[in-house]
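K.L.:
Turn this into a model:
(one chain, ligands or ions: 4)
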Amino acid sequence: MTQGNDGWVKTTCAYCGVGCGVEARPTLSGELEIRGDQSHPSNYGKLCTKGIALGETVIQDGRLLYPTLKAAGSEKKIDWTAATSMVATKFAETIKEHGPDSVAFYVSGQLLTEDYYVANKLIKGFMGTANIDSNSRLCMASSVVGHKRAFGTDTVPVCYEDLEQAELVVLVGSNLAWCHPVLFQRLRIAKQNNDNLKVVVIDPRKTESNEIADLHLGIESGSDVALFNGLLSYLDDHDCLGEGFIEQHTNGFVEALLLAKQEQSVAKTTGLQEEELDAFYRLFATNSKVVTVYSQGVNQSTSGADKVNSILNCHLATGKIGKPGCGPFSVTGQPNAMGGREVGALANMLCGHMELDNPGDHHRVSEFWGAPDLASKPGLKAVDMFDAMADGKIKAVWIMATNPAVSLPNSNKVKAALEACPFVVVSDCIAQTETTALADLVLPVQGWSEKSGTVTNSERRISRQRRILPSPGLAKPDWWVISQVAQKMGFAEAFDYLHEGEIFREYAQLTTLDNENGERDFSLIGLSRLDDQGYSVLKPQQWPVIEQQDKVVNKRFFADGHFYTQDGRACFIPVNHRAPQSATNGDYPLLLNSGRVRDHWHTMTRTGLAAQLGEHMPEPYVLVHPETAQRYKLQEKSIAKLSSAHGHCLAKVMLSTDQKVGELFVPIHWNGLTAKNSKPCNLIAPYIDSVSGQPEFKHTPVKIEACDYKSQALFTTRTPIALDDVEYWARQKIQDGYAYHIQSTLEPRALEQTLMSYIESEGRLIQYDDGEQSFVTQFMLTNALRLEQLVVVKSQFPLGEVERYITQFNQSLQDEELPPFCIQDQEMVV
Ligand SMILES: Nc1nc2c(c(=O)[nH]1)N[C@H]1C(S)=C(S)[C@@H](COP(=O)(O)OP(=O)(O)OC[C@H]3O[C@@H](n4cnc5c(=O)[nH]c(N)nc54)[C@H](O)[C@@H]3O)O[C@H]1N2
Ligand SMILES: Nc1nc2c(c(=O)[nH]1)N[C@H]1C(S)=C(S)[C@@H](COP(=O)(O)OP(=O)(O)OC[C@H]3O[C@@H](n4cnc5c(=O)[nH]c(N)nc54)[C@H](O)[C@@H]3O)O[C@H]1N2
Ligand code: SF4
Ligand SMILES: [Mo]
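P.N.:
Ligands and ions are numbered 1, 2, ... in the order given. Down below sits the predicted model:
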């Protein structure tokens, strides 16, 4: 049942690639109750903090409600007919004048498969250019290349159950505890139930994932290839190879081993002790069931694809693949990162795991779509696409479900590129983002709980996201908007979809073209005749779907030793260690790493709406080893300025011995809407892996300086304020309002005066000055008891005091409960 009599609707979480099944039920007061779906095979009822808080994020605050035209600082609401006609006309004119390669789409792993499929079909099939890339370029591209080079296809061989059946789980460049929390819980429970299950974590820093680690290898940033080449040599030296497997099912072993053996001093390159290396290598060699989970510490590197193949080489060399409890496991980040790879919405793919440069594939798709102009050469990858915009080569771009002004490296250049591009369209659910601010036209689309379609998770399981709440304003599904534009460009027949189920069916049919006998890994043949009712009640399906799955299945690829290369054999890829593109130097002596926190999602457009999620990490921070802090005179909780050759950013210092001396870590989430000048991508160079195009987000030389601020303030308010006049602020969502954490070079008295200008007019003002540089101002509307604003300024807040004030604000004080320090109570006349 997708909807029980009790009103609970089955859907899928909006966030990470674990793809947890969620049950949601609207309440009479318009809220959304959330619980885990016990029957979903990915999470069996469990949810993490973000999943649990989904109900808090479906509020209308900040929603984009109408198609809006932006010109010279003014905004004009228009209707959908005008909006879609305008996109169609501008794209058609641009193509006519400058050719198909002068337009581009920049899309996202947060689109549903149906949206993604239609976007890809329109631009590649009918606009005639492959200039469509996805934020998955920043995320999964290196894994895609690694898989294709080794297996012939972009195939994730394992399923989640393998984590439970393994004897050794290796986490490489993955903070699973925070980024895939339900998977981490499954692993933790498996370990509790099995004393023999060992966990190794490979990460330059100690993370929360270390909680269950038997061994942590704090490797030098960027040295994973050396580590896994060392493993390959060890396996050979200790007669631990799967020789039968190598012989029967692979090519290129000798060359890969030869290069691995040339690796100069693995201990020196990785910065690890021989004993540590030995301990890891022995575990890998002696356990027959090994799963290697890897994520952005591997992918986001100028040698990302080689890192992936160095891992795959070790699994192939031991035959630890295709069997229960075995295999390399690239965990996906976004809810539909996998779906995007399936529909092929990257610049160098076609669709349905077919290839642009394969004439047979090209012909099949061109016929199926009725698209004689189907693009035949790869388009521009994300970073190159924005460079081409800056250079004036791309003149119209449509951005969907991603916030590149925050998430692409070298933010200043990205901003300049969007400013230079003559026509920028952005489809989003949120009105104010750094990217919508740079658009000429913004289009309101449905968000999670309003949109309907499918997503595919890390274990290739396709689940339905279902519509539960009505859409606010004029918000529409992404696929509808794209189809309207396509129809107006003259492609009505190919885009006459009435609902998302029709798109899914067409897509499932496309995967069957000349694929009746499983010639390609990706097949949805069992869903190609799905009727509307079947789509509506579709249960999770793991691909390949040969027959519709009514019961849970757990499938693995390569169990038969067959790979999707020309001769059916897997390929070893010879790789050698290359240092990251940039190195620390006298000007930029520290190494900056970046990643995620437990309770925020990317650029915070959604998690930033939930008070529950704001408490864990209320401000942008930088993790610093105490020795580094001492050297650069940084105090805990003070604000520091980080600078690189590309820009700078502010963050609150947090001391941690989990960091190496000389290395820093910043979370990626804060940006111009949630903090002043705290966006890490300001600092990051646009260096990319030359094969995968994925940026090196985890290795940036920087310097750090203390800001020497003299005062701090907390400003809580019911509605957001624009704090332009203070040097540093960070906004935290709290119950019924916002808390601004402020620091300043001003003395407390002067800061208090500055902040008074942000107090609303007309109401009751209660002020307190303790004579020792500590000021409290409370503001209420006349005749109301609820606090509207509260400002507290001090030279420094004692531990716990900020939280206490926020609680006080939340409790909406009654007159008689006013804090004892209030000595003035006056009407403010403005
Ligand atoms: N809470 C939360 N969860 C999320 C997301 C979110 O925004 N918030 N985003 C989702 C998305 S899209 C993604 S892609 C995933 C990302 O999930 P993860 O990849 O697990 O997360 P990151 O924090 O980006 O990076 C993982 C680790 O790589 C380490 N690392 C850095 N350099 C190296 C290196 O050279 N070698 C090795 N071995 N490790 C290195 C970092 O120290 C970091 O701890 O998370 C998903 N889940
Ligand atoms: N420094 C640094 N930078 C990084 C990374 C890193 O580790 N370090 N990681 C990179 C990675 S792995 C990723 S995945 C990216 C993520 O970066 P982004 O994709 O830029 O981040 P989001 O905040 O998820 O942006 C999604 C946008 O889509 C909107 N949205 C949500 N749902 C929908 C929908 O259904 N339709 C439409 N049209 N819009 C919707 C949201 O409001 C939001 O504005 O960041 C990358 N950038
Ligand atoms: S683990 Fe991922 S999919 Fe599951 S509830 Fe948490 S954020 Fe959602
Ligand atoms: Mo990602």
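K.L.:
and the longest helix for this protein?
P.N.:
The longest helix of the chain (DSSP state H) is helix 80-98.
K.L.:
just checking, what packs against it?
P.N.:
On a contact count with 3 or more CB pairs under 8 Å, 6 or more residues apart in numbering; DSSP states H and E, helix 80-98 meets strand 103-107, strand 396-400, strand 423-428, strand 441-444, helix 478-488. C-beta coordinates here come from the backbone N, C-alpha and C atoms, glycine included.
K.L.:
mind giving me a markdown table with those and columns for mean pLDDT and mean neighbour count?
P.N.:
Below are the helices and strands packed on helix 80-98 laid out as a markdown table (pLDDT from 0 to 100; neighbours: other CB atoms under 10 Å):
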| stretch | mean pLDDT | mean neighbour count |
| --- | --- | --- |
| strand 103-107 | 98 | 27 |
| strand 396-400 | 98 | 26 |
| strand 423-428 | 98 | 24 |
| strand 441-444 | 98 | 25 |
| helix 478-488 | 98 | 24 |
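K.L.:
about what we covered before: now the longest helix of the chain and strand 103-107, what's the angle there?
P.N.:
130 degrees (axes from the mean of the first three to the mean of the last three CA atoms, to 10 degrees).
K.L.:
So is helix 80-98 next to ligand 2?
P.N.:
No. On the criterion CB under 6 Å from any ligand atom, helix 80-98 is out of touch with ligand 2, staying 13.5 Å away.
K.L.:
Report the buried residues of that helix.
P.N.:
Burial within helix 80-98, assessed by neighbour count using 16 or more other CB atoms under 10 Å, is assigned to 80, 83-88, 90-92, 94-95.
K.L.:
before we move on, the earlier item: the helices and strands packed on helix 80-98: which one's closest to ligand 4?
P.N.:
For the helices and strands packed on helix 80-98, proximity to ligand 4 was assessed by CB to the ion; strand 103-107 is nearest, at 13.5 Å.
K.L.:
now for the next helix or strand after the closest one, which elements pack on it?
P.N.:
Per DSSP states H and E, the first helix or strand lying C-terminal to strand 103-107 is helix 113-120. Using 3+ CB pairs under 8 Å, 6+ apart as the contact criterion, the elements in contact with helix 113-120 are strand 103-107, helix 337-343, strand 453-456, helix 478-488, helix 500-510.
K.L.:
pLDDT weak spots in the chain?
P.N.:
1-3, 812-830 (pLDDT under 70).
K.L.:
who's in contact with the residue of it found nearest ligand 3?
P.N.:
Here the chain gets closest to ligand 3 at one residue, residue 51, 2.5 Å apart by CB to the nearest ligand atom. Each residue near residue 51 by CB atoms under 8 Å, 6 or more residues apart in numbering is listed here: 13, 15, 20, 22, 34, 36, 182.
K.L.:
Secondary structure of it: a strand, I assume?
P.N.:
No. Judged by DSSP: H, G, I helix; E, B strand; the rest coil, residue 51 forms no part of a strand; its state is helix.
K.L.:
Distance check, it against ligand 2.
P.N.:
To ligand 2, residue 51 is 16 Å away according to CB to the nearest ligand atom, to the nearest Å.
K.L.:
so residue 223 makes contact with residue 265?
P.N.:
No. Judged on CB atoms under 8 Å, residue 223 makes no contact with residue 265 at a distance of 11.1 Å.
K.L.:
between those two, which one's more packed in?
P.N.:
residue 223 (24 against 9; other CB atoms under 10 Å).
K.L.:
follow-up on the earlier one: in a markdown table, list the helices and strands packed on helix 113-120 along with distance to residue 564.
P.N.:
Formatted as a markdown table, the helices and strands packed on helix 113-120 follow (distance: least, CB to CB, whole Å):
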| stretch | distance to residue 564 |
| --- | --- |
| strand 103-107 | 25 |
| helix 337-343 | 14 |
| strand 453-456 | 18 |
| helix 478-488 | 29 |
| helix 500-510 | 17 |
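K.L.:
Near ligand 3, which residues of the protein? Just list them.
P.N.:
13, 15-16, 18-20, 43, 47-48, 50-51, 180-182.
K.L.:
so which of these is the most crowded?
P.N.:
Of all these, the most densely surrounded is residue 19 (33 neighbours; neighbours counted as other CB under 10 Å).
K.L.:
Not counting its neighbours along the chain, what's nearest that residue?
P.N.:
residue 457 (2.6 Å; CB to CB, 6 or more residues apart in numbering).
K.L.:
Surely the one you found and residue 15 touch.
P.N.:
No. With contact defined as CB under 8 Å, residue 457 does not count as touching residue 15 (11.1 Å).
K.L.:
and for these two, which residues touch both?
P.N.:
residue 335.
K.L.:
Stretch 501-510: how far from the chain's middle?
P.N.:
27 Å (CA atoms, centre = their mean, to the nearest Å).
K.L.:
got the CA coordinates for that stretch in CSV?
P.N.:
The C-alpha trace of stretch 501-510 is given here as CSV (Å, rounded to 0.1, in the frame of the first residue of the first chain):
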residue,chain,number,x,y,z
GLY,A,501,4.3,8.2,-15.2
GLU,A,502,4.3,8.5,-19.0
ILE,A,503,7.8,9.8,-18.9
PHE,A,504,9.0,6.9,-16.8
ARG,A,505,7.4,4.4,-19.1
GLU,A,506,9.1,5.9,-22.1
TYR,A,507,12.4,5.9,-20.3
ALA,A,508,12.0,2.3,-19.2
GLN,A,509,11.3,1.4,-22.8
LEU,A,510,14.4,3.2,-24.0
